[in-house]
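Student: Sequence first, predicted model second:
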Amino acid sequence: MRAMQVARTGGPEALVPVDAPTPAAGPGEVLVRVAYAGVNFIDVYRRTGLYQVELPAIAGVEGAGIIEAVGAGVDEVQVGDRVAWVDAAGSYAQFAVLRAERAIPVPAGISLRAAAAVALQGLTAHFLATSTFPLAAGDDVLIHAGAGGVGLLLTQMADLHGARVITTTSTQEKAELSRQAGASNTLNYTAFDDLATELPRAVKALTGGRGVTVVYDGVGRATFDGSLASLRPRGMLVAFGAASGPIEPFDIQRLNAGGSLYLTRPSLWHYVASRDELLRRSRELFAWIKGGDVTVRIGAQFALDEAPAAHELLESRGSTGKIVLAVNPSVEPE
C-alpha cells in the first residue's frame, strides 16, 4: 500500500512516500480502507519530535473509511461499515488498522470526507465546550485562531450554548469566516504590537472592563500572557494546543494575582477514554451537523503524496477550517 512515512524528525520534507506492507487486523482490531485522512497539529508535533514516537512510523492519527476486515472477537462493527477514528497511528496510508472499540460509526447523511474532517477537531471542540468548561448562556468567551478548524467548530458550539464569543484572527477574510460561525467580535492579532498588553485591553473594552469567563487557547507560547490577562477573576484558561510553540515555565503565583484564575491543559484522549464516552460525544456532534447547528469547513484538500505541502500550509497558519488528505476518495463517490 502507499503510505507517508516519517523516518527521522524534521520539517515537512521528513514526510516521505513509501510502499509499505498492507497491515492485517489482529484480535479486537479492524482493517479499514482509508478514504480521507485528517491533517492535525499532533501530526506535526510527532514529525518534529515534540511528541516522541518510535521511528520510522507512518504519519497520521485521524481518518474515515470503510471496514475491509475484522479480527477475532470483534462485535462492535462489521465489514462494510463506514467509520471514522481519531487515534489510529498510521492513518496517512491506503489502509489502517484500529482497535474496533475506537471505531466511530458514521451515520447516513454524513460523508466520509466530512467525518474525517470533523472527527478529531469536532470531538475536541465538543469536550472543550461541554466538559472542560461547560459553556452556558451569558458566558463571555475568547477563542484564539477563530478561523481554524477547532476555532470555527468551537465558536459554533459556544454560540449554540448561548455564550458571547470573541475570536482572534489574522486577516479580514478569516474574521468574516469567524463572524459567520457566530463570533460577536473579532480581533486582528497582527494589529497588536504587544499581545500581552494590547489583547487584554481590547478584550476588556468589549466586556465592560470585566474580561472573559474562559479563554480557549490552542496557539500556546505567543498568546499565553495575553490570554491570562484577558480573564476576569476566577476565570479559566484552557490551553489545549501549542501551534506557536510550547508555553514556557511561569510563576504559579500569577494565577493568584490575576484573580484566583484556573489553568488547565486538557487532552482529547482523556475525554474519549471509554467507548461509551466516545460514542456519546460523536453522536451529539454528528446530530448537530445533520441538524444544521454546526457546519464543517474543509479549507484545503491534498492527495496523499502531497502531505508535506499540507503540513506546510497547516504550520503557516494560513489555512482556514480543516485540511484533509484524499487517500481513496473513490471509496465513496460524491
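Tutor: Great, that's in hand.
Student: which residue ranges form the helices in the stretch 1-150 of the chain?
Tutor: 41-48, 112-127, 149-160 (DSSP state H, counting those that start in this stretch).
Student: cool, and the stretch 151-300 of the chain?
Tutor: Counting by DSSP H, counting those that start in this stretch, the helices of the stretch 151-300 of the chain are 172-181, 195-206, 224-229, 253-257, 268-271, 275-290.
Student: among those, which is the most enclosed?
Tutor: Ranked by mean neighbour count, these are led by helix 224-229 with a mean of 24 (mean count of other CB atoms under 10 Å). For every residue, glycine as well, the C-beta is placed using N, CA and C.
Student: Check which helices and strands that one is in contact with.
Tutor: When contacts are defined as 3 or more CB pairs under 8 Å, 6 or more residues apart in numbering; DSSP states H and E, helix 224-229 packs onto helix 195-206, strand 212-217, strand 231-239.
Student: Any idea which of the helices of the stretch 1-150 of the chain gets closest to residue 190?
Tutor: Counting by CB to CB, residue 190 lies closest to helix 149-160 out of those; the figure is 15.8 Å.
Student: quick one: that closest one to helix 41-48, angle?
Tutor: For helix 149-160 against helix 41-48, the angle by axes from the mean of the first three to the mean of the last three CA atoms, to 10 degrees is 160 degrees.
Student: tilt between helix 149-160 and helix 112-127?
Tutor: Going by the same axes, to 10 degrees, helix 149-160 makes 60 degrees with helix 112-127.
Student: Quick check: the residue lying closest to residue 119 once chain neighbours are set aside vs residue 4, distance?
Tutor: Distances taken as CB to CB, 6 or more residues apart in numbering place residue 84 nearest to residue 119, at 4.4 Å, with adjacent residues excluded. Computed as CB to CB, to the nearest Å, the residue 84 to residue 4 distance reads 19 Å.
Student: rewinding a little: would you format the helices and strands packed on helix 224-229 as a markdown table with distance to residue 95 and mean pLDDT included?
Tutor: Putting those into a markdown table (distance: least, CB to CB, whole Å; pLDDT from 0 to 100) gives the following:
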| stretch | distance to residue 95 | mean pLDDT |
| --- | --- | --- |
| helix 195-206 | 44 | 97 |
| strand 212-217 | 35 | 98 |
| strand 231-239 | 35 | 98 |
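Student: Just put the ones you listed in JSON lines and tack on distance to residue 152.
Tutor: Below are these laid out as JSON lines (distance: least, CB to CB, whole Å):
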{"stretch": "helix 195-206", "distance to residue 152": "20"}
{"stretch": "strand 212-217", "distance to residue 152": "12"}
{"stretch": "strand 231-239", "distance to residue 152": "17"}
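Student: so which of the ones you listed gets nearest residue 293?
Tutor: That would be strand 212-217 among these, by CB to CB, at 18.6 Å.
Student: Just put the helices of the stretch 1-150 of the chain in CSV and tack on mean pLDDT and mean neighbour count.
Tutor: Formatted as CSV, the helices of the stretch 1-150 of the chain follow (pLDDT from 0 to 100; neighbours: other CB atoms under 10 Å):
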stretch, mean pLDDT, mean neighbour count
helix 41-48, 94, 21
helix 112-127, 97, 26
helix 149-160, 97, 26
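Student: closest one to residue 328 among those?
Tutor: helix 112-127 (9.4 Å).
Student: Which neighbouring elements make contact with that closest one?
Tutor: strand 29-39, strand 63-70, strand 82-85, helix 149-160, helix 268-271, helix 275-290, strand 298-303, strand 322-326.
Student: Work out the gap between the last one and the centre of the chain.
Tutor: On the basis of CA atoms, centre = their mean, to the nearest Å, the separation between the geometric centre of strand 322-326 and that of its chain is 12 Å.
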